[in-house]
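Undergrad: All I have is the shape, not the residue letters:
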């Protein structure tokens, strides 16, 4: 690791100083003076190009040469920044589009939205599940105004942020609907008065806790492992510890029968936050994961900060993952699954996770906020297994399968002879190779041969002419298939929102057209094969008037709401109940 870091830092320093110092690179025993080459191009180019523009281009090209989506450069000179903060100024809630309006998914603790009160009196601020319909700016306490009413349905959802965000101390009037006792949404007679202010994004939230008839269960959602305590931000380990101490193990409750931790949508965060959160289960000094460097050396990642563990007080742990669970989110799941004291009580459900088992660090080459983000290590589980470009495969698939497992992500071991592959696996591999190459092979050996030639994948004997699906080909091909196919799969039909427009259908991409068609077929139980026919039928079914069957804003809002109803039913209700059923409750 020391050598790797030194190489990168030396290279960066040399490139930055190319205009005044020499930077030589040796390739195939031939030396190339990069600084001389850059100076020659700069002096002979027909336009004047400044040094910073050249440097930005060189660094950007350098990072792209690694062929790694997670290694890249952002330049402050171009107003490009990498923001990993988990705090902000505004109202302090998360939302999704629901029938053209804003459905509140989470309200941050101690946020302006939570602390708001109705204009005409009341004791509750914004709540999870509320629907925001309108908003109006009221200026500030010292400079009050009465702005125009902003009706969310009349505007693009991408424009909403301009009204939800604003300067600290500014005041807004929020009109909303809330479910009554029978579950029906009702428009609230008095709007909320919210003063924009600072808030922290919650990382760990206790969604429910029950202790009935001698059985206790806690359902916790961990949305990310971001949070910098040095900047005053909350951290997942701090929030989860607070949940344990103040909301679960209190009022005489000394043990917990079932802990559900929902990691769906958790895209990761800081490694130290992940290891410290695992430290609530794994004692100090024990490996929660490993870094594996370029030379295959390992460095254990251990809990160094957390003294109190709760493992012995929890009988059963259910983890839920999906295709958006990535990086530190996956590391956390692997830590609990593989550590000796937790593996027998930990079970993973859901869908195959994203498969990002690598770690990044940063260099600011100009000390101005620019950033080179680069991958410096693989991340291995406590049992030294990698899930990079593989993902975590759950014990049981639960919920909507956004990316079909067998067709795209199931790992197939290499063999010494293709005859040892089952007929099913042979067909899966043929299909994957044909998708990757855009071919229609029916013979696996010939398909493998073409794939080896196309991507220079050698066998263990350094041959590119082998037709065998051996271990080396299995690894290299699966990585290539992941990079070029799996990561490019479209947003799933269950949670993609395609906003309509009232002009024409020409602006919709082929992918958007396909998703709209699939969503309509799902909602109506039909099997239309074209976008136009599907839209026409959906509008006729729902009495929407549209000349030339344009996929209008009204149509998109209605379809999106119906799809969201299906998605929320599965995501918020069915999945959790299936997990409980697996546990035996």
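TA: Yep, that arrived. Owing to the predicted nature of the structure, the values given are computational and were not obtained by experimental measurement. Numbering: from 1, shown residues only.
Undergrad: what pairs with residue 302 across the strands?
TA: Counting by DSSP bridges, residue 302 is bridged to residue 287.
Undergrad: Touching stretch 72-86 from outside, list them.
TA: Residues from elsewhere that reach stretch 72-86 (Cβ atoms under 8 Å, 6 or more residues apart in numbering): 52-53, 56, 59-60, 62-64, 200-201, 203, 224, 226-228, 231, 233-234, 269-270, 362, 366, 368-373. No exception for glycine: its C-beta is placed from N, CA and C like everyone else's.
Undergrad: Whichever of these end up buried, select them in ChimeraX.
TA: In ChimeraX, this line selects whichever of the contacts of stretch 72-86 come out buried by 16 or more other Cβ atoms under 10 Å:
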select :56,59,60,62,63,200,201,203,224,226,227,228,233,234,269,270,370,371,372,373
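Undergrad: Tell me which entries of the contacts of stretch 72-86 lie within helices.
TA: 52, 53, 56, 59, 60, 62, 63, 64 (DSSP state H).
Undergrad: Show me which pair in these is furthest apart.
TA: Between any two of the ones in helices among the contacts of stretch 72-86, the greatest separation by Cβ to Cβ is 18.5 Å, found for 52 and 64.
Undergrad: rewinding a little: in strands, which of the contacts of stretch 72-86 appear?
TA: 200, 362, 371, 372, 373 (DSSP state E).
Undergrad: Report pLDDT for the third one.
TA: Reported pLDDT at residue 371 in the predicted model: 93.
Undergrad: Pull the number of nearby residues for residue 87.
TA: The burial count assigned to residue 87 is 17, neighbours taken as other Cβ atoms under 10 Å.
Undergrad: So in terms of bridging, what pairs with it?
TA: residue 200.
Undergrad: Residue 318 reaches residue 579, doesn't it?
TA: Yes. At 5.1 Å, residue 318 counts as touching residue 579 under the criterion of Cβ atoms under 8 Å.
Undergrad: what residues are shared contacts of those two?
TA: Joint contacts of residue 318 and residue 579 (Cβ under 8 Å, 6+ apart) are 260, 349.
Undergrad: Is it possible to get the ones in helices among the contacts of stretch 72-86 out as a markdown table so that each row also shows distance to residue 486 and pLDDT?
TA: A markdown table is the format used below for these (distance: Cβ to Cβ, whole Å; pLDDT from 0 to 100):
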| residue | distance to residue 486 | pLDDT |
| --- | --- | --- |
| 52 | 37 | 91 |
| 53 | 36 | 91 |
| 56 | 31 | 92 |
| 59 | 29 | 92 |
| 60 | 26 | 94 |
| 62 | 26 | 92 |
| 63 | 22 | 95 |
| 64 | 21 | 94 |
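Undergrad: Point out where the stretch 251-400 of the chain drops to low pLDDT.
TA: For the stretch 251-400 of the chain, no stretch has pLDDT under 70.
Undergrad: Tell me how far residue 203 lies from residue 234.
TA: From residue 203 across to residue 234, the span is 7 Å (Cβ to Cβ, to the nearest Å).
Undergrad: overlap in contacts of the two?
TA: 86, 227.
Undergrad: Would you map the helices across the stretch 251-400 of the chain?
TA: Assigned by DSSP state H, counting those that start in this stretch, the stretch 251-400 of the chain shows helices spanning 271-278, 328-338, 340-343.
Undergrad: who touches the first one?
TA: Counting by Cβ under 8 Å, 6+ apart, the neighbours of helix 271-278 from elsewhere in the structure are 222, 225-227, 235-237, 240, 268, 288-289, 301-306, 328, 331-332, 335-336, 339, 359, 379.
Undergrad: any idea which residue sits dead centre in the chain?
TA: residue 267 (3.7 Å; Cα atoms, centre = their mean).
Undergrad: can you tell me how far that residue sits from residue 494?
TA: As judged by Cβ to Cβ, residue 267 and residue 494 stand 18 Å apart.
Undergrad: Could you chop this protein up by domain?
TA: The chain is divided into the following domains under automatic domain parsing: 2-78, 87-200, 204-397, 405-488, 510-583.
Undergrad: thinking again about what came up before, may I ask which two of the ones in strands among the contacts of stretch 72-86 are separated the most?
TA: 200 and 372 (28.4 Å).
Undergrad: list the contacts for the residue nearest to the residue nearest to the centre of the chain when sequence neighbours are not counted?
TA: Of all residues not flanking residue 267 in the chain, residue 326 sits nearest, at 4.9 Å (Cβ to Cβ, 6 or more residues apart in numbering). Going by Cβ under 8 Å, 6+ apart, residue 326 touches 266, 267, 268, 353, 354, 355, 356.
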